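Participant: have a look at this fold, sequence not included:
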């Protein structure tokens, strides 16, 4: 089975409240339709991925203001509109991220993306496990006592087994390895990777890490990055470079480095991934794991204190310093 995936890299104004989010959703659905309909004479686009912050970025520095102005529950009117588009065009959609509130965790906000199927249903929900600390004050679901939902869900679909993780998550090899061990064949990255850690040498972390995760896991990578210009999502500029990579780390398609809206389309061959995984004895790293050889990695080095309620940048800085002490830095 071979189909095409599309990264729909966005460059649009950052909403300051929930009402302004509607315009962003309208624009990304238009971009989806341009990709699916425009490529229809050539390819069947079956997976469409949007970047982190496509719906809203955390522009306020405290959870109270984010909750008041931008946080949404899931499902919401935006996921419903995406579901209509998914059904209309027969595609799977990995949404951009939402600032999510959940009544079960009233003092927490999550950086959340959903996978929506062509049947119009939400197939899975992923909450960012590794927020970009100290600046990102969303809560990691891992840090909530009693949290009982899967941290790294893998969804079996008619286009393969899909797993997603968000931006900074990918700087932890364990994240994508966990998805792979859960069966993922396509690793999806929604991201808002900013300059200078972008797609331009010598600081092209974005490109290097995406290719590494494909190689390490014998998985296709569909990585959609934020392309907002500095005046849209200050104080950073966003280098784009959205890309699709095969299981040997070959870049099949990539947007030009630099801000701006772009759509990148390339094939995903699930049959090839499955054949390679069955055939290989060499460079089959997930099958070569000697997990017990790494006892230090089973220690919980970074710990958060939620006793005082919502996190602050200052509290996160303290937790980071304490973790450094445990390492001996």
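Facilitator: That came through fine. As the structure is a computational prediction, the values presented were derived from the model and not from experiment.
Participant: ok, which stretches of the chain are strands?
Facilitator: 2-9, 45-49, 92-94, 98-101, 109-116, 122-127, 154-157, 160-166, 186-191, 220-225, 243-245, 251-254, 262-269 (DSSP state E).
Participant: tell me the most buried of the ones you listed?
Facilitator: Neighbour counts (mean count of other CB atoms under 10 Å) averaged over each of those peak at strand 220-225, with a mean of 29. (Each C-beta comes from the backbone N, C-alpha and C, glycine too.)
Participant: sheet-wise, list the partners of that strand with their directions.
Facilitator: Applying DSSP bridges to the sheet, strand 220-225 is found paired with strand 186-191 (parallel), strand 243-245 (antiparallel).
Participant: residue 55 is nearest to which of the strands of the chain?
Facilitator: Proximity to residue 55, assessed across the strands of the chain by CB to CB, is greatest for strand 98-101 (5.2 Å).
Participant: okay, now residue 17: neighbour count?
Facilitator: Neighbours of residue 17 under the rule other CB atoms under 10 Å: 10.
Participant: show me where the stretch 51-200 of the chain dips below the pLDDT cut-off.
Facilitator: In the prediction, the stretch 51-200 of the chain carries no residues with pLDDT under 70.
Participant: quick one, helices of it?
Facilitator: With DSSP state H, counting those that start in this stretch applied, the stretch 51-200 of the chain shows helices at 63-69, 77-89, 173-181, listed in chain order.
Participant: would you mind giving these as JSON lines with mean neighbour count and distance to residue 195 added?
Facilitator: Output for the helices of the stretch 51-200 of the chain, formatted as JSON lines (neighbours: other CB atoms under 10 Å; distance: least, CB to CB, whole Å):
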{"stretch": "helix 63-69", "mean neighbour count": "16", "distance to residue 195": "24"}
{"stretch": "helix 77-89", "mean neighbour count": "19", "distance to residue 195": "28"}
{"stretch": "helix 173-181", "mean neighbour count": "19", "distance to residue 195": "23"}
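Participant: now these in TSV, with distance to residue 259?
Facilitator: Formatted as TSV, the helices of the stretch 51-200 of the chain follow (distance: least, CB to CB, whole Å):
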stretch	distance to residue 259
helix 63-69	24
helix 77-89	23
helix 173-181	26
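Participant: before we move on, the earlier item: what's the closest of the strands paired with strand 220-225 to residue 200?
Facilitator: When those are compared by CB to CB, strand 243-245 sits nearest residue 200, at 13.3 Å.
Participant: from the middle of its chain, how far away would that closest one be?
Facilitator: Computed by CA atoms, centre = their mean, to the nearest Å, the separation of strand 243-245 from the middle of its chain amounts to 14 Å.
Participant: list of residues touching that strand?
Facilitator: 5, 7, 207, 210-211, 214, 220-223, 251-255, 264-266, 268 (CB atoms under 8 Å, 6 or more residues apart in numbering).
Participant: check the offset of stretch 193-210 from the chain's centre.
Facilitator: 16 Å.
Participant: related to what we said a few turns ago, for residue 49, which of the helices of the stretch 51-200 of the chain is the nearest?
Facilitator: Nearest to residue 49 among the helices of the stretch 51-200 of the chain is helix 77-89; the distance by CB to CB comes to 11.9 Å.
Participant: rewinding a little: residue 328 is nearest to which of the strands paired with strand 220-225?
Facilitator: Among the strands paired with strand 220-225, the nearest to residue 328 by CB to CB is strand 186-191 (31.1 Å).
Participant: quick one, the closest one and strand 262-269 angle?
Facilitator: In this structure, strand 186-191 runs at an angle of 160 degrees to strand 262-269, with axes from the mean of the first three to the mean of the last three CA atoms, to 10 degrees as the basis.
Participant: what sits up against strand 186-191?
Facilitator: Residues outside strand 186-191 that contact it (CB under 8 Å, 6+ apart): 5, 47, 49-52, 54, 94-97, 113, 159-167, 170, 176, 179-180, 206, 210, 213-214, 217, 219-226, 268, 270.
Participant: tell me how far residue 93 lies from residue 273.
Facilitator: Residue 93 sits 21 Å away from residue 273, going by CB to CB, to the nearest Å.
Participant: cool, and residue 286?
Facilitator: Using CB to CB, which is the criterion applied here, residue 286 is 12 Å from residue 273.
Participant: pull up the overlap in contacts between the two.
Facilitator: What both residue 286 and residue 273 touch, as defined by CB under 8 Å, 6+ apart, is the set residue 218.
Participant: look at these two and report which has more neighbours.
Facilitator: residue 273 (20 against 13).
Participant: wait, the more buried one touches residue 247, no?
Facilitator: Yes. Counting by CB atoms under 8 Å, residue 247 is a contact partner of residue 273 at 5.2 Å.
Participant: domain parsing for the protein?
Facilitator: Taking automatic domain parsing as the criterion, the chain consists of the domains 2-289, 294-329.
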